[in-house]
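S.K.: Below is the sequence, then the predicted model.
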Amino acid sequence: MSYSTAASLRSVTLDDVRGAQKMLAGVARVTAMEGSRHLTQLVGAPVHLKCENLQRTGSFKLRGAYVRIAGLLPEERAAGVVAASAGNHAQGVALASSLLGVEATVFMPKGAPLPKVSATREYGAQVRLHGQVVDETLAAAQEYAQRTGAVFIHPFDHPDVIAGQGTVGLEILEQCPEVRTVVVGVGGGGLVAGIAVAVKAVRPDVRVVGVQAEGAAAYPPSLAEGRPLTVGHPVTMADGIKVGRPGEVPFAIVADLVDEVRTVSEDALSTALLLCLERAKLVVEPAGASPVAALLSDPGAFEGPVVAVLSGGNVDPLLMQGVLRHGMAAQGRYLAVRLRLTDRPGALATLLGVLSVVDANVLDVSHVRTDPRLGLTEAEVELHLETKGPEHCAEVERALRDAGYPVIG
């Protein structure tokens, strides 16, 4: 089935979103709205976090998947559904199908994180691992749908999905009626489109701002061109918004209702994830932290009260480890240095003594003596250090140079 047909391109209305809200009663949680004192001080106006990372399955995706599958005809339900996803949509489709008694098959990339694969299976879906990237997985799912008659459940490019995601917007208006700006992460555009439909219909004065990762930002050029464009090889740690082309249905809504789509850097994403963990005590995936990254990058650009939608919390532990290290480095709280010293007894202890004086915490030491690039009496040391900020990093590097240890990388 093609999702660029006239039927699928019908507009989504406030009545559609309100109908979806009734359908989701008792299925999707009304997620918490938490204030952030740190972000409030930074922005100079109240900032609230809409915690969809605490939604069932760990993201907002359940909302749209359930509404879409619940709207199928009896014969379509009997044929089953199929989806393609690296994680959040997979889990949303799996749980929604299980709740509705519909057989679900989910195609996932071979490299999908094991916790997401396991969770999708536990929610009741049959998981098939295919391809190395989502595009290959998507093609396999669509081929399966054509071959078996199963209904393909698109992650964002269908009005029912957008109406389901729009229920987040209704909750925002109920929980924070004084809101002036809503900030939402954007991949294919289903979530921001649904929120914009709901919010703008009730409060047209509220500003809706989308956020994309710089390395996967298809919306800014698409909006400038007036039609969806494809960004080749999107690259970002935020896999939840790593989408190379806007959906036809959400694009039309975003172009009409969303006030602005901004981009954020990888450094900003990792810093935002770290802030959510440390300050808000919330586990958020990089895509879910993208609105916070936008606030950190340009705090003066947002009129408050601001609601930042934390869209998901399904982050692989190994990715979390790397992202947190990246975030600490971006804040000047993690420093990796490589240097050479004379290979003699006590040389490493002397080096560590220099670091002790400047209060740098050594996390890891790699000591190499056999590299052919080294002289006969040389050794190379790589140090991973916990530091207290950019000024402390500069102090550590200065102390090493003053002690005769030129940093080489």
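M.R.: Thanks, I have the structure now.

S.K.: which other residues reach stretch 29-44?
M.R.: 46-52, 54-56, 171-172, 175-176, 275, 279-280, 282, 292, 295-296, 299-300, 302, 304, 306-308 (C-beta atoms under 8 Å, 6 or more residues apart in numbering). All C-beta spots, glycine's among them, are computed from the backbone N, C-alpha and C.

S.K.: again, 7 Å this time
M.R.: By C-beta atoms under 7 Å, 6 or more residues apart in numbering, the surrounding residues in contact with stretch 29-44 are 46-52, 54-56, 171, 175-176, 275, 279-280, 295, 299, 302, 304, 306.

S.K.: just stretch 390-402 next, same as before
M.R.: Against stretch 390-402 from outside (C-beta under 7 Å, 6+ apart): G332, L335, L339, V354, L355, V357, V358, A360, L385, T387, V407.

S.K.: Now do the fourth one: how many residues are near it, please.
M.R.: It stands for V354. Using other C-beta atoms under 10 Å, V354 has 16 neighbouring residues.

S.K.: Share the number of residues neighbouring the nearest residue in space to it that is not next to it in sequence, please.
M.R.: Leaving aside its chain neighbours, V354 sits nearest to A403 (4.7 Å; criterion: C-beta to C-beta, 6 or more residues apart in numbering). When neighbours are counted by other C-beta under 10 Å, A403 registers 15.

S.K.: Do I have it right that A403 meets L355?
M.R.: No. Using C-beta atoms under 7 Å, A403 is not in contact with L355, being 9.6 Å away.

S.K.: Tell me, what's the model's pLDDT at the residue nearest the centre of the chain?
M.R.: With distances taken as C-alpha atoms, centre = their mean, A287 lies nearest the centre of the chain, 1.1 Å away. We have a pLDDT of 93 for A287.

S.K.: Could you double-check that R56 sits in contact with L95?
M.R.: Yes. Using C-beta under 7 Å, R56 is in contact with L95, at 6.5 Å.

S.K.: Need the residues touching each of the two.
M.R.: With C-beta under 7 Å, 6+ apart as the test, R56 and L95 both reach L62.

S.K.: For V368, which non-adjacent residue is spatially closest?
M.R.: Excluding the flanking residues, the one nearest V368 by C-beta to C-beta, 6+ apart is E380, at 4.6 Å.

S.K.: Same question for L173.
M.R.: What sits nearest to L173 in space, not counting adjacent residues and going by C-beta to C-beta, 6+ apart, is V202, at 5.7 Å.

S.K.: Near that neighbour, how many other residues are there?
M.R.: V202 sits with 14 neighbouring residues when counted by other C-beta under 10 Å.

S.K.: what is the mean pLDDT for stretch 12-23?
M.R.: What stretch 12-23 shows for mean pLDDT is 97.

S.K.: now the strands for this protein?
M.R.: 33-35, 47-51, 81-84, 104-108, 126-129, 151-152, 181-185, 207-213, 260-264, 306-310, 334-342, 361-368, 378-386 (DSSP state E).

S.K.: Dump these into JSON lines; add distance to T350 as well.
M.R.: Shown next, in JSON lines, are the strands of the chain (distance: least, C-beta to C-beta, whole Å):
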{"stretch": "strand 33-35", "distance to T350": "49"}
{"stretch": "strand 47-51", "distance to T350": "48"}
{"stretch": "strand 81-84", "distance to T350": "57"}
{"stretch": "strand 104-108", "distance to T350": "52"}
{"stretch": "strand 126-129", "distance to T350": "52"}
{"stretch": "strand 151-152", "distance to T350": "65"}
{"stretch": "strand 181-185", "distance to T350": "49"}
{"stretch": "strand 207-213", "distance to T350": "44"}
{"stretch": "strand 260-264", "distance to T350": "43"}
{"stretch": "strand 306-310", "distance to T350": "47"}
{"stretch": "strand 334-342", "distance to T350": "8"}
{"stretch": "strand 361-368", "distance to T350": "13"}
{"stretch": "strand 378-386", "distance to T350": "11"}
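
S.K.: Throw the ones you listed into JSON lines and include mean pLDDT, distance to L324 and mean neighbour count, thanks.
M.R.: As requested, these are exported to JSON lines (pLDDT from 0 to 100; distance: least, C-beta to C-beta, whole Å; neighbours: other C-beta atoms under 10 Å):
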{"stretch": "strand 33-35", "mean pLDDT": "96", "distance to L324": "21", "mean neighbour count": "15"}
{"stretch": "strand 47-51", "mean pLDDT": "98", "distance to L324": "19", "mean neighbour count": "25"}
{"stretch": "strand 81-84", "mean pLDDT": "96", "distance to L324": "29", "mean neighbour count": "29"}
{"stretch": "strand 104-108", "mean pLDDT": "95", "distance to L324": "25", "mean neighbour count": "26"}
{"stretch": "strand 126-129", "mean pLDDT": "95", "distance to L324": "28", "mean neighbour count": "16"}
{"stretch": "strand 151-152", "mean pLDDT": "97", "distance to L324": "36", "mean neighbour count": "20"}
{"stretch": "strand 181-185", "mean pLDDT": "98", "distance to L324": "19", "mean neighbour count": "29"}
{"stretch": "strand 207-213", "mean pLDDT": "98", "distance to L324": "17", "mean neighbour count": "26"}
{"stretch": "strand 260-264", "mean pLDDT": "97", "distance to L324": "17", "mean neighbour count": "21"}
{"stretch": "strand 306-310", "mean pLDDT": "98", "distance to L324": "17", "mean neighbour count": "29"}
{"stretch": "strand 334-342", "mean pLDDT": "81", "distance to L324": "9", "mean neighbour count": "17"}
{"stretch": "strand 361-368", "mean pLDDT": "80", "distance to L324": "12", "mean neighbour count": "12"}
{"stretch": "strand 378-386", "mean pLDDT": "81", "distance to L324": "12", "mean neighbour count": "17"}
